[in-house]
Each structure stands twice: as C-alpha cells, then as structure tokens.
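J.: This is a predicted model, with the sequence first.
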Amino acid sequence: MSKQMVVEAMGKHTATIIFSHGLGDTAAGWAPFAESLKRRFQHIKWILPTAPVQPVTLNMGHSMNSWFDITTLTPPGNGLPSQEDEAGMLKSVKRISDLVAAEVDAGIPADRIVVGGFSQGAVIGLLTSLTLERKLAGTICLSGWLALSDKIHMMQTEHANKLPIFWGHGKRDQVVKYTWGEMSVEKLKGMGFKNIEFNSYPQMQHSLCDEEQADVEAWLRKTLPPL
C-alpha cells in the first residue's frame, strides 16, 4: 500500500477531507494546500493518499504514481476520453472507499466527509462519491473530468444526484481540457444532478490559483461547517 499523509485537525475533529493528487505527483504535493486551510477549518482532518507506482501508457509505459492507466489525453473528436482503465479506476475507488469506511469506524459520520482531488485524483474522488453507498457531505473536483461517462448512470447510487459538488477548472488548462469540465458538468446535470457549483478561471492553467482556493474555502464553510 502506498503511503499517505495526514494533516490532523487543530481543534476538535468533527469532519474529514480525503483529497487525492494528480498523475505523477504524491501526497506531499498537496500538503501545502491542506496546511494552508487547516487554520481556517480547525475541525477538519485531511487525509492525502499517494497513488501506487505503475506503468502509464501515456508516459510511454514508464512507471509513475498513478491512480489508473491513461492511454491518451487527446481523444478523437470533441468527446470525453473513451479508452479508459475501468479496472484500475475501480481499484483506486476501493482504496478511497476504504479510507471513508475507516473514518466512519473512527466516529466521523459519512455526511461529515468530503472526498475530492486534483486532475486524475479528481476523477477518482468523483467516481468514489457517485458510487459509494454511504452519503457523503460532498466532493471537490479540481481540473478533473467525469470518468466512465457512458455507464456512470448505471453505477451511481440513489442519493448521488443530491451530492454537493464543487467543480473548478482553468480555461487555459493545457492538460485536462476546459471543455472536458464543461461536458462533464453538463452530463451530470442531464442525469439530474442539481447541486453543482461550477467555477471557471480565465487565466488558470492545469494548476490551483488563489481565486479557486478562496472559492473552495467558501464552499467548505457551507458544506462542512464546525459543529
């Protein structure tokens, strides 16, 4: 099992965020993000898992930290990726689901847990949130996309379309196209999802900006308020 980092709550722990990094990164890459928010949200514990090292087709088969294999980020036409590593995705979903279960066993209700991530990690966070039997507090999708979009309607749980979703995407994203974010959100809305906050950032590339972080903070104040 790959290592994970934990940023403990500064006060009484009443909520948890499980946040997954992007392709080729590790938990350490998002530790500053969690650290910068912990003083404002002293009741929240952060769990930052690290993806296993495995060959990635997009990287000419070389191994790197990856939640699932990626064949291409330039699919034909204007659609979302169609050649997807479903088995790899579901294996990672199981890992995040196990982290949720461990938090529930430790006394944190599922509706006080947010699952999310950046890029490839956002894909796994969203997929976990939509298919988990437990009803979560919400999900954070930063520069990600909706995976398994042709079959997610058959996989989602009954309560999934009530899930609060924060979605942030840079219009200058050179890795995960901005249109993928737009199409993903439209797909979810077409499936009956109504609680989606979609935020776009005109100057942002495949990264995080101050404005997006401020928007995440505002969403968290509504979604995971202190008890």
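T.: Yep, it's here. Computed from a prediction, not measured in an experiment: that's the story for all the values here. Numbers count the residues shown, from 1 in each chain.

J.: hey, let's count contacts and neighbours off CA atoms from now on
T.: Noted.

J.: so which helix or strand takes in residue 116?
T.: Following DSSP states H and E, one finds residue 116 within strand 113-118.

J.: quick check, distance from that strand to the centre of its chain.
T.: With Cα atoms, centre = their mean, to the nearest Å as the basis, strand 113-118 stands 5 Å off its chain's centre.

J.: so residue 116 makes contact with residue 122?
T.: Yes - Residue 116 is within contact range of residue 122, at 5.5 Å (criterion: Cα atoms under 8 Å).

J.: Please report the number of neighbouring residues for residue 210.
T.: Per other Cα atoms under 10 Å, the neighbour tally for residue 210 reads 9.

J.: Repeat that for residue 62.
T.: Neighbours of residue 62 (other Cα under 10 Å): 11.

J.: Contacts for the strand holding residue 116 next, please.
T.: 15-22, 100, 122-126, 128-129, 136-144 (Cα atoms under 8 Å, 6 or more residues apart in numbering).

J.: can we see that at 7 Å?
T.: Strand 113-118 has contacts (Cα atoms under 7 Å, 6 or more residues apart in numbering) with 15-22, 122, 125-126, 129, 136-144.

J.: Same question for stretch 210-221.
T.: Contacts for stretch 210-221 (Cα under 7 Å, 6+ apart): residue 168.

J.: Quick check: neighbours shared by residue 116 and residue 122?
T.: With Cα under 7 Å, 6+ apart as the test, residue 116 and residue 122 both reach 20, 141.

J.: the inter-axis angle of the longest helix along the chain versus strand 113-118?
T.: When the chain is parsed with DSSP state H, its longest helix is helix 86-105. Angle of helix 86-105 versus strand 113-118, following axes from the mean of the first three to the mean of the last three Cα atoms, to 10 degrees, is 140 degrees.

J.: Show me what helix 86-105 packs onto, helices and strands only.
T.: Contacts defined by 3 or more Cα pairs under 7 Å, 6 or more residues apart in numbering; DSSP states H and E place helix 86-105 against helix 120-131.

J.: Just the CA atoms of the next helix or strand after the helix it packs on, as PDB, please.
T.: Scanning forward in sequence from helix 120-131 by DSSP H and E, the next helix or strand is strand 138-142. The C-alpha coordinates for strand 138-142 follow below in PDB (Å, rounded to 0.1, in the frame of the first residue of the first chain):
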ATOM      1  CA  GLY A 138     -19.800  16.500  -0.900                       C
ATOM      2  CA  THR A 139     -17.000  16.200  -3.400                       C
ATOM      3  CA  ILE A 140     -14.300  18.600  -4.700                       C
ATOM      4  CA  CYS A 141     -13.300  18.200  -8.400                       C
ATOM      5  CA  LEU A 142     -10.400  20.400  -9.400                       C
END
